[in-house]
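Asker: Output the structure for:
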Amino acid sequence: MPKVSAKRQITLPIDQCREAGIEPGDDYESYVDNEGHIIIIKQVAGSAKGLLKRVATDKRFTDEQSLQSSVAQ
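Answerer: Alright, predicted model coming up:
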């Protein structure tokens, strides 16, 4: 069974990496769910493509104005 190192590093078992398609150097995201489980998700380029395609835009505002209004809040 893998252990957490003194630097809080975890080595993932190779069979789990193969199953998840995780290779050395891959980017990932991790979080803790409501039950205290650590979830590791491999980031995949383009996986968010189209996520906001149905969001209506307001062409009266530039990107800079929109950014400033969200930062000011």
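
Asker: Which parts of this protein are strands?
Answerer: 28-32, 38-42 (DSSP state E).

Asker: Mind listing the strands the last one pairs with, and their directions?
Answerer: Looking back up the chat, that one is strand 38-42. Take DSSP bridges as the rule and strand 38-42 pairs in its sheet with strand 28-32 (antiparallel).

Asker: Just list the residues touching Ile10, thanks.
Answerer: 2, 4 (CB atoms under 8 Å, 6 or more residues apart in numbering). Bear in mind the C-beta positions are built from the backbone N, C-alpha and C, glycine included.

Asker: ok, now which residue in this protein is the farthest from the centroid?
Answerer: Within the chain, the residue lying farthest from the chain centre (CA atoms, centre = their mean) is Arg60, at 31.2 Å.

Asker: buried sites along stretch 19-37?
Answerer: Ile22 (16 or more other CB atoms under 10 Å).

Asker: Ends of it, what's the gap?
Answerer: Length of stretch 19-37, first residue to last, CA to CA, to the nearest Å: 19 Å.

Asker: please begin residue numbering at 244 from this point
Answerer: Sure thing, new numbering starts at 244, so read that last one as stretch 262-280.

Asker: roughly how far is it from the heart of the chain?
Answerer: Computed by CA atoms, centre = their mean, to the nearest Å, the chain-centroid distance of stretch 262-280 equals 9 Å.
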